[in-house]
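Novice: mind folding the following:
(chains A and B)
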Amino acid sequence: RKEVEQDPGPFNVPEGATVAFNCTYSNSASQSFFWYRQDCRKEPKLLMSVYSSGNEDGRFTAQLNRASQYISLLIRDSKLSDSATYLCVVNDGGNQFYFGTGTSLTVIP
Amino acid sequence: GAVVSQHPSWVICKSGTSVKIECRSLDFQATTMFWYRQFPKQSLMLMATSNEGSKATYEQGVEKDKFLINHASLTLSTLTVTSAHPEDSSFYICSALPGAQHFGDGTRLSIL
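Specialist: Alright, predicted model coming up:
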């Protein structure tokens, strides 16, 4: 079983739509959780950390469900510029970081 | 804060050449850096964990004699691809802690 699993998509949504991604992790002792976005042929960029209480940054909301071992990312009012691959990353508290394979999002005009 | 710089961003070399890639943490000290490789349309693959002042820890299947890692200071780690061949062509990305991983710009390596 993979440490981190994501639906690869692709998700194709119209501008203005709300879209949600989930990511499940296998290690119940995982400590830190992150969402990154990666544009084509570019490096991943940290979008947001995910906290137990949930956190919001503008149109982006991240949530953590420890009981079910998943994290989610919600994007409201999608923009064309949101088109990218979204990576879920889980840390075990040490130097081990586990990456999902990424979820591809395309926002259509 | 937490800016990571990688150099060069793009390199094209003949087969058999050795290529050195630098990863620098610009505004923080990084005791640990990570080196990844990413092939087109695939996810990041961790190659090794670079620890300042000690030997790197390589992932299974990564040849340590082929991919030499040196982390001589708290702000610099280097990856040298020795005697590179076309199959080594890839996107190489470094990252550094603290907290989350902060990625360098990546190096696109093309071996002819």
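Novice: ok, now which ones touch B:Ile21?
Specialist: B:Gln6, B:His7, B:Pro8, B:Thr78, B:Leu79, B:Thr80, B:Val81, B:Tyr92, B:Cys94, B:Thr107, B:Leu109 (Cβ atoms under 8 Å, 6 or more residues apart in numbering or on different chains). Quick note: C-beta positions are derived from backbone N, CA and C, even for glycine.
Novice: swap in A:Met48?
Specialist: A:Met48 neighbours (Cβ under 8 Å, 6+ apart): A:Phe34, A:Trp35, A:Asn55, A:Asp57, A:Phe60, A:Ala62.
Novice: picking that back up, between the contacts of B:Ile21, identify the one with the most neighbours.
Specialist: B:Cys94 (31 neighbours; other Cβ atoms under 10 Å in any protein chain shown).
Novice: can I assume that one sits in a strand?
Specialist: Yes: according to DSSP: H, G, I helix; E, B strand; the rest coil, the state of B:Cys94 is that of a strand.
Novice: quick check: the gap between it and B:Ser18.
Specialist: 18 Å (Cβ to Cβ, to the nearest Å).
Novice: A:Thr103 too?
Specialist: Separation of A:Thr103 from B:Ser18 (Cβ to Cβ) stands at 37 Å.
Novice: those two: which is more packed in?
Specialist: Neighbour tally, A:Thr103 and B:Ser18, criterion other Cβ under 10 Å: the higher count belongs to A:Thr103, 22 against 11.
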